[in-house]
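Participant: here you go, sequence then predicted model.
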Amino acid sequence: MINGSNGNHVKVLILGSGPAGLSAALYAARAELAPLVLMGTQLGGQAALTYIIENYPGFPKGVGGAELGELFQKQAEHFGARMEFDTATAVDLSQRPFKVTTEMGEYLADTLIITTGASPVHLNVPGEDAFLGRGVSYCATCDGAFFKDKRVVVVGGGDSALEEGLFLTRYATSVTIVHRRNQLRAGAILQKRARENPKIQFIWNTVVTEIMGQEKVEAVRLKNVETGEETIFETDGVFIFIGHTPNSQLFQGQLQMDERGYIVVDHLMQTSVPGVFAAGEVADPHFRQVVTSAGMGAAAAIQATRFLQTQSN
Ligand code: NAP
């Protein structure tokens, strides 16, 4: 028997292995609760897909996203956290211990920390699904190298679009950012870098209405939202960064959520069910930074520890 757990019955079960989940694991491990992390499909979460993270404190020259995820993992494991490459498929939060069914088995958990993150929003235009992996991508770090000496279109005007667009200039001959307004949402530093990069051009007030090609992407149909004018724009790739949607479907009907599906938590990371906590992007439509997600994860674990103490008194 592991301290803090008994077979498949654990004191703290963490769903997700992004900055929130792995920070929660570190804190729960240091509280000697032997947390179990179901890592899901992406160790390190979305942050691990980022080429370089320049705004996580402690790394003056930046740190690779995947490297940071591995460091988080090692640190949590060093203090006794367990990690499983497994994904929850159903949860029953109607009574404690909570029951979590996974692809590989079943767990009982005295407390649950949900850090399942968020997934990229799709444009929902013709051709988007058909050309996924054949020119359509939601991750420049993953797929950028396939576009060496090619032309790419980036959709969106936020931090992700600009950061990923700048990354793509390493490979592509041209990066055309298509934004539906004439003002960017991204922060000032990224805006300056993008505007100064000779490989980047902008098409304003414009949306992509279709992704076209034979075997792979060859062009996009663009529509100017002010004039209604449509044009065909040749490109080899389309990278889509138009926001994220929380991965909270599994908890629908069991936890309080807002109208967009973000799990509602109080300042102690407590959800509407006592003993269930949520942290990181699944519960945060506002900040969505590595550092804020890590902070929420730590807070959730501290509060889960206190919750378990009140239960045993
Ligand atoms: P975001 O800030 O929500 O930006 C999404 C962009 O996509 C916006 O420009 C939006 O246009 C556009 N958009 C949304 N739906 C669209 C549609 N259907 N068709 C065309 N365009 C559409 O998302 P994000 O860039 O992924 O960033 C999310 C969060 O992560 C933010 O808080 C951001 O600060 C943070 N982040 C930070 C960094 C960093 O600090 N280095 C890096 C990446 C992300 P409108 O502007 O017109 O709404």
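Facilitator: Looks like it arrived, so ask away. Numbers count the residues shown, from 1 in each chain.
Participant: in the stretch 101-250 of the chain, where is pLDDT below threshold?
Facilitator: Counting by pLDDT under 70, the stretch 101-250 of the chain contains no low-confidence range.
Participant: show me what contacts the closest residue to the ligand within it?
Facilitator: Residue nearest to the ligand within the stretch 101-250 of the chain (C-beta to the nearest ligand atom): Gly158, separated by 2.4 Å. From N, CA and C alone the C-beta is placed, and that goes for glycine too. Residues near Gly158 by C-beta atoms under 8 Å, 6 or more residues apart in numbering: Leu184, Arg185, Ala186, Phe241, Ile242, Gly243.
Participant: neighbour-wise, which of those residues leads?
Facilitator: Phe241 (24 neighbours; other C-beta atoms under 10 Å).
Participant: so which of the contacts of Gly158 are in strands?
Facilitator: Using DSSP state E, no member of the contacts of Gly158 sits in strands.
Participant: save those residues as a markdown table, and put in distance to the ligand too.
Facilitator: A markdown table is the format used below for those (distance: C-beta to the nearest ligand atom, whole Å):
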| residue | distance to the ligand |
| --- | --- |
| Leu184 | 7 |
| Arg185 | 4 |
| Ala186 | 7 |
| Phe241 | 5 |
| Ile242 | 4 |
| Gly243 | 4 |
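Participant: which parts of the protein belong to which domain?
Facilitator: For the chain, automatic domain parsing gives the domain ranges 9-119+244-312, 122-240.
Participant: the first one and the ligand in contact?
Facilitator: Yes. In this structure, domain 9-119+244-312 sits against the ligand according to C-beta under 6 Å from any ligand atom; the contacting residues are Asn55, His244, Arg288.
Participant: what's the PyMOL line that selects buried ones from those residues?
Facilitator: Buried members of the residues of domain 9-119+244-312 next to the ligand, defined by 16 or more other C-beta atoms under 10 Å, are picked up in PyMOL with:
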select buried, resi 244+288
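Participant: mind putting the residues of domain 9-119+244-312 next to the ligand in a markdown table, distance to Ser137 included?
Facilitator: Converted to a markdown table, the residues of domain 9-119+244-312 next to the ligand look like this (distance: C-beta to C-beta, whole Å):
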| residue | distance to Ser137 |
| --- | --- |
| Asn55 | 23 |
| His244 | 15 |
| Arg288 | 20 |
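Participant: which one of the residues of domain 9-119+244-312 next to the ligand is nearest Thr116?
Facilitator: Closest approach between the residues of domain 9-119+244-312 next to the ligand and Thr116, by C-beta to C-beta: His244, at 11.9 Å.
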